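> Here's a sequence, model it:
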Amino acid sequence: MQEIKIGVNDAGQRLDRFLQKHYATLTKSMMYKAIRNKKIKVNRKRCTYDQKLQEGDSILLFLPYEFLETRQKACPVNTGSIDVVYEDDDIVLVNKPVGLLSQSDEKGLQDTLVSRIQYYLYQKKEYDPQRENSFAPAICHRLDKNTSGLILAAKNARALRLMNDAIACHKVRKVYCAKIEGTPLWDTKEVVCYIKKQETRALVQSNEAPGYKEARMFVKVMERQKEQTMVQIHLETGRFHQIRASMAYLGYPLCGDVKYGYKGSEKKYSLCAYHLEIGDVSLPIANKDFTIPRPF
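From the prediction side, this is the model:
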């Protein structure tokens, strides 16, 4: 028999999802069978696979130990520094540099913004993977590898849940600056189109179609130059490559963005999430605004 005590960062999860995170050798079929046969109990009572766990709950598993091998929890390693813009007990807001992945991709790269944040908190003794059953500090949203700017990360499960809910309810306003090829005649423009992800590209069209999702953003000219324009972009939706694909669709690709039609000499596209506004959320960061200097 093995017992697990549910901590504050485990609370609110479904039983089956928690067990899948915690155990490496407990298959889904074995888990569901054990729950049906009362080989897995919560607080010594019969449970259901979709039961929500509460802090202080006790999970009892009456299973052979070969099915109860926990997942390896390696201590974070130092892969690089982070630029902290704001921090409290729940949230750390960082400025992601160009060239760094927000989180690990299918290649399993070790140096990501998430890995750096986890090491930073580990060094501060605010995160210890050996003490956690299922949680690790995580980012609340992401930026593409070659996009720089502000990213929110949560130090605990409650903060992650609240911030994710706030983003879903449009209580977090993200504003970007970009350098585009060409000089639009308009000063402001609402851009509404439909985007479909196809492998590593975004397809854009003006009308609804199967597989396409509405993409909405507001663009404001900040500065016109001879052949380029600096614009401010406020996203209303967060579609794949939305800014890059939408601006290219309008005929103004981001400078340096060869994938979406840029023909000039710049090598990296110019896009930065430089301003963030937090609305009403039950966290200390509520109703705060943050702005970093524009990098171009």
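> can I assume K196 is in contact with E208?
No: here K196 lies out of contact with E208, judged by Cβ atoms under 8 Å, at a distance of 10.8 Å. Any C-beta I mention is one placed from the backbone N, CA and C, and that applies to glycine too.
> Give me the more crowded residue out of those two.
More crowded of K196 and E208, by other Cβ atoms under 10 Å: K196, with 18 against 9.
> Next up, the contacts around the residue nearest to K21 when sequence neighbours are not counted.
In space, and not counting its chain neighbours, K21 is closest to S134: 4.3 Å by Cβ to Cβ, 6 or more residues apart in numbering. Residues counted as contacts of S134 (Cβ atoms under 8 Å, 6 or more residues apart in numbering) are 9-10, 13, 18, 21-22.
> State the distance from S134 to N164.
For S134, the distance to N164 (Cβ to Cβ, to the nearest Å) stands at 16 Å.
> Could you find the closest non-adjacent residue to Y127?
L121 (3.9 Å).
> Got the phi and psi for the one you found?
Phi and psi for L121, reported as degrees, to the nearest 10, are phi -70, psi -30.
> got a list of what it touches?
92, 127, 137, 155.
> What about these, which are in strands?
Those of the contacts of L121 mapping onto strands are V92, per DSSP state E.
> Which two among the contacts of L121 are spaced furthest apart?
V92 and Y127 (10.7 Å; Cβ to Cβ).
> Give me the common contacts of those two.
With Cβ under 8 Å, 6+ apart as the test, V92 and Y127 both reach 121, 137, 155.
> Identify, from these, the entry nearest to Y260.
Using Cβ to Cβ, the shared contacts of V92 and Y127 come closest to Y260 at P137, 32.9 Å.
> Pretty sure the closest one sits against A157.
No: taking contacts as Cβ under 8 Å, P137 lies outside contact range of A157: 9.8 Å.
> Looking at those two, which one has more neighbours?
P137 (25 against 21).
> got the contact list for the more buried one?
Neighbouring residues of P137 by Cβ under 8 Å, 6+ apart: 92, 114, 117-118, 121, 127, 153-156.
> Could you give me the PyMOL syntax to select whichever of those are buried?
Buried residues among these (16 or more other Cβ atoms under 10 Å), as a PyMOL selection:
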select buried, resi 92+114+117+118+121+127+153+154+155+156
